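[1] can you look at this prediction? I've put the sequence above it.
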Amino acid sequence: MEIKQILDEVLPQVSKPTRYTGNELNSVQKDKSKVKVRIALAFPDVYEVGMSHLGLRILYHLLNEREDVYAERVFAPWVDFEEIMRERGIPLFSLESKSPLSEFDFVGFSLQYEMSYSNVTNMLDLAGIPLFSKDRTDRDPIVIAGGPCAYNPEPLAEIIDLFVIGEAEEVILELVNLYLDHKKSSKGRIEFLERAARIPGVYVPAFYRVNYNEDGTVKEILPVKPGIPERVQKRIIRDLDRVYYPTKLIVPYMDIVHDRAVLEIFRGCTRGCRFCQAGMIYRPVREKSVDKLTNIAREMIKSTGYEEISLASLSTSDYSALKQLVEILTDEFRQCMVGLSLPSLRIDSFTLDLARKIQEIKKSGLTFAPEAGTQRLRDVINKGVTEEDLLNSVKGAFEAGWNTVKLYFMIGLPSETYEDLEGIARLAYRVVDAYREVRGNTKGLKVTVSTSTFVPKPFTPFQWEAQIPLDEIKERQRFLKKKLKGPNISYNWHDGKLSFLEAVFSRGDRKLNSVLKKARERGCRFDGWSDMFSFDKWMEAFREAGVNPEFYANRSRPEDEVFPWEVIDPGVEKSFLITELKKAREAKPTPDCRFNRCHGCGIMKLKGGIICDSKNED
Amino acid sequence: MIVRMKIKKGEEVKFISQLDLMRAVERAMRRAELPVKFTEGFNPRPRISFAPALPVGITSDAEYMDVEFESVLPLDRILARLNSHLPPGISVLKIDTAEGKIPLSSVNRAVYTVVVDTGSDIEPELLDKAVTEMLSRPEITVPKTSKGKVKNVNIAPLIHGIKITGVEGSRAEIRMELSAGQEGNVTPPLVIKALQEHIPSITVRRMNRDELFMVREGKRTDPI
């Protein structure tokens, strides 16, 4: 029976069947027999999470612009449907043509967070594609992956055939062209991968050998064939005004996590927070012009009918012409009731004005991310915000009528003490005081404090630092739970066990591939979903694979250690990261290079970026 | 100006919820540049109201919607513009002003066509007999899940007629007239569940809502 027919029969029994039906407005239908390359864009989470991801949407429409390519989507089936799929022998299939994944030329995974790796392995299993690259034959698809987690590809190095490092808009088309050319020859997948490995930004792990020291750390990573680069430099798009951007976006039927038209205003960030991987790997800063953005926005609303447009970037307030852009967009869309949302906005007196302006249409809560509770620790992490800044902004917000405030912090940051934790609670109470000062009482006020646990990430100044042990995470959360009590304050915290595993995989090496295999065999998947996450199963997987997770999460590294991810070159130099680490240890901030001198992070060698272009290297 | 629309929900969209359908129509109106009126307040919503919800998995030729517009527009223009902007599977079948019509909340009756499969060739007399037997019972109780709880309900008073309209091989087409809306609601899957007591192998292949209307004192009034 065709997959379509079986679906008709089984979908009434599953939760949210619209996850699997496709047919949304602006989704692409092509005759699969008339294209030359078929690509399954796989997102290792459910539909409503995957469809909220901008990168997937860009690549989907970009690839489908080509007549000879058909890109389709596939998401991780939720557990109820997975059970039926396994029972009935339904292979993992694409949303558009309902084809089994094994029919495709490429299956490309988007790696947004480490805890989705178990969904990658489970999806491969459901697709009937061998888990390890070495076991695949010429009949199997080429399994590729990209996204921020690909900056440390090693935990998946035996599973993924080919990684794309950095921004994919150009390199993905180069890969497609190479594939078309390669199809003309009678050579197999190994030959294709060998040619692909010569494309800048492509990492094929099979062509690298890792040698280890006796203590288990990496000694060296060496290319095993001539012509394979020693390090793979990330790809960037130089001119964002000229890069493809989709306006005929798919409009889902079901409620997805971010159900709105997304307008990407710039890439990169120069703030230099020392824990933040995005701030390092997405450099340099490149903006789109107001004109270009206005045109894109207008086109997007026209072809989607969305009721909301959201400005996407790492730190919206840093867009140089933000005020102008917001004014143009609010004027443009007031008539047709399209709201504007500005996530990742640093709130100060200037942006508060903007926030007030956009609230003419939609009202929502305000979010602040001081990240740490004391000035000392904020200087350590280079979060350039003071308590006074924060309180002034909060007061301004209360005066303007807001009464819901969210405060985000991290616990377990390097050098954190209980005094710093105390500081988190003190800050929350000072926000309550500020409200009382403005309004005379605390009626209607809601302050939510959320803490996540610090996870050291590759290519950040803190990549040498240890994560605090699991017991200590729990202890610090307990401490805050006791301190953060009150009628107007609520406290949320992330599961420490999840942060621990995240820390293992974010700085992991190739030995973790076998752990992923064992974890899949034990049924681990959807680890990011608290009701699905089984820490015990993961610990069994580590034990069985003979791998000690604490080696990766809780060990601080010497400065001269070779890291598994050093086969990747993100543009930012190791020497810069070490300088930043040392400054962190002295609690010395590094000002934003946008308003200060160039600090020599190394990204200028990639030639591009608005800040880098206007400055001469020191 | 309030406009009443009769909408088709096809195979492509049979699994979307009523809320999803409403959102899809709202977005189509924005694409079609039709000025829908919005509610006042912090979270303005378009002024759209619906007839009784259709369970997911059922196609329909009789979904109704009242939409309020900012200004007076020619009805044929609304119909044409909206139909050229609706996603595949959704279309407006008929349009009229809502003035002088019954309120959508008073709708209480629906007609469905259900295609069933019994697994082996059907003898029409046996199927007829099973239906007659079921309908002749004073009470037809089926387990119904609502808000996570399973409860036995008697659907006998909510069934107003079942007729077999065609048999071919193992498949049969059944037309049923059922209560719908706030006064009492039953949908084809429950009726088929009851019928399974008489023919255990029966399964549903397709369901469609054909008509939706109001019956008061034996008199039928259509919404449009």
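    Right, received. Where do you want to start?
[2] domain map for chain A?
    When chain A is parsed with the TED database, its domains come out as A:3-233, A:239-362+A:591-617.
[3] TSV for the ones you listed, including distance to B:Ala130 and mean neighbour count?
    Every C-beta, even on glycine, is put in place using the N, C-alpha and C of the backbone. As requested, these are exported to TSV (distance: least, C-beta to C-beta, whole Å; neighbours: other C-beta atoms under 10 Å in any protein chain shown):
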stretch	distance to B:Ala130	mean neighbour count
domain A:3-233	22	19
domain A:239-362+A:591-617	37	18
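[4] list the buried residues in stretch B:164-183.
    B:Ile164, B:Val167, B:Ala172, B:Glu173, B:Ile174, B:Met176, B:Glu177, B:Leu178, B:Ser179, B:Ala180, B:Gly181 (16 or more other C-beta atoms under 10 Å in any protein chain shown).
[5] wait, doesn't the last one sit right on B:Ile102?
    No: in this structure B:Gly181 lies outside contact range of B:Ile102 using C-beta atoms under 8 Å: 11.5 Å.
[6] follow-up on the earlier one: need the domains of chain A in a markdown table (columns: mean pLDDT).
    Shown next, in a markdown table, are the domains of chain A (pLDDT from 0 to 100):
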| stretch | mean pLDDT |
| --- | --- |
| domain A:3-233 | 97 |
| domain A:239-362+A:591-617 | 89 |
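[7] need the ones you listed in TSV with distance to A:Thr386, can you?
    Converted to TSV, the domains of chain A look like this (distance: least, C-beta to C-beta, whole Å):
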stretch	distance to A:Thr386
domain A:3-233	29
domain A:239-362+A:591-617	11
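[8] out of those domains, which is closest to A:Asp569?
    domain A:3-233 (4.3 Å; C-beta to C-beta).
[9] quick one: the closest one to chain centroid distance?
    Centroid displacement of domain A:3-233 relative to its chain, using C-alpha atoms, centre = their mean, to the nearest Å, is 17 Å.
[10] ditto for stretch A:524-540
    20 Å.
[11] in stretch A:551-560, what counts as buried?
    So, applying 16+ other C-beta under 10 Å, buried residues of stretch A:551-560: A:Phe551, A:Tyr552, A:Ala553, A:Asn554, A:Arg555.
[12] measure the fourth one to chain B for me?
    Distance, A:Asn554 to chain B, using C-beta to the nearest C-beta, to the nearest Å: 42 Å.
[13] so that residue sits against A:Asp471, correct?
    No: counting by C-beta under 8 Å, A:Asn554 stays clear of A:Asp471, with 10.7 Å between them.
[14] quick one: contacts for residue 113?
    Using chain A. A:Cys149, A:Glu502, A:Gly528 (C-beta atoms under 8 Å, 6 or more residues apart in numbering or on different chains).
[15] that's the wrong chain, I wanted chain B
    By C-beta under 8 Å, 6+ apart, the contact list for B:Thr113 reads B:Thr165, B:Glu173, B:Ile174, B:Arg175, B:Arg206, B:Met207, B:Asn208, B:Asp210.
[16] show me what from chain A comes close to chain B.
    A:11-12, A:17-18, A:21, A:23-25, A:251, A:253-255, A:301-307, A:336-338, A:361-363 (C-beta under 8 Å from any C-beta of the partner chain).
[17] related to what we said a few turns ago, want to try TSV for the buried residues of stretch A:551-560, with pLDDT and secondary structure as columns?
    What follows is the buried residues of stretch A:551-560, written out as TSV (pLDDT from 0 to 100; DSSP: H, G, I helix; E, B strand; the rest coil):
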residue	pLDDT	secondary structure
A:Phe551	98	helix
A:Tyr552	98	helix
A:Ala553	98	helix
A:Asn554	98	coil
A:Arg555	97	coil
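[18] tell me the one among these nearest to chain B.
    A:Ala553 (39.3 Å; C-beta to the nearest C-beta).
[19] identify the residues contacting the closest residue to B:Asn152 other than its chain neighbours.
    Nearest non-adjacent residue to B:Asn152, counting by C-beta to C-beta, 6 or more residues apart in numbering or on different chains: B:Thr141, 4.9 Å away. Applying C-beta under 8 Å, 6+ apart to B:Thr141 gives the contacts B:Asn152, B:Val153, B:Asn154, B:Ile155.
[20] just the buried members of these?
    Neighbour counting with 16+ other C-beta under 10 Å marks B:Val153, B:Ile155 as buried within those.
[21] what's the closest of the contacts of B:Thr141 to A:Asp318?
    Once C-beta to C-beta is applied, the member of the contacts of B:Thr141 that ends up nearest A:Asp318 is B:Val153, at 59.3 Å.
[22] and the closest one, which of the three is it?
    Look at B:Val153: counting by DSSP: H, G, I helix; E, B strand; the rest coil, its state is strand.
[23] apart from its chain neighbours, what residue comes closest to it?
    Closest to B:Val153 by C-beta to C-beta, 6+ apart is B:Lys144, at 4.8 Å.
[24] show me the beta-bridge partners of the one you found.
    B:Lys151 (DSSP bridges).
[25] doesn't B:Leu158 make contact with it?
    No: when contacts are counted by C-beta under 8 Å, B:Lys144 is not listed as touching B:Leu158 (11.1 Å).
[26] tell me which parts of chain B are close to chain A?
    B:12-13, B:15-17, B:19-21, B:23-24, B:26-31, B:33, B:38, B:42-44, B:46, B:56-57, B:85, B:87-89.
[27] any low-confidence regions in chain B?
    Chain B contains no residues with pLDDT under 70.
[28] still on that earlier bit, quick check: PyMOL command selecting the buried ones in the residues of chain B next to chain A.
    The PyMOL selection below is limited to those of the residues of chain B next to chain A classed as buried (16+ other C-beta under 10 Å):
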select buried, chain B and resi 12+13+15+16+17+20+21+23+24+26+27+28+29+30+31+46+56+57+85+87+89
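[29] among the residues of chain B next to chain A, which are in strands?
    Residues of those located in strands (DSSP state E): none.
[30] so of the residues of chain B next to chain A, which ones are in helices?
    If you go by DSSP state H, the residues of chain B next to chain A have B:Leu19, B:Asp20, B:Leu21, B:Arg23, B:Ala24, B:Glu26, B:Arg27, B:Ala28, B:Met29, B:Arg30, B:Arg31, B:His85 in helices.
[31] once you drop chain neighbours, what's closest to the residue in chain A that chain B sits nearest to?
    Closest to chain B within chain A is A:Gly305: 3.2 Å, counting by C-beta to the nearest C-beta. Sequence neighbours aside, B:Arg27 is the residue nearest to A:Gly305 in space, at 3.2 Å (criterion: C-beta to C-beta, 6+ apart).
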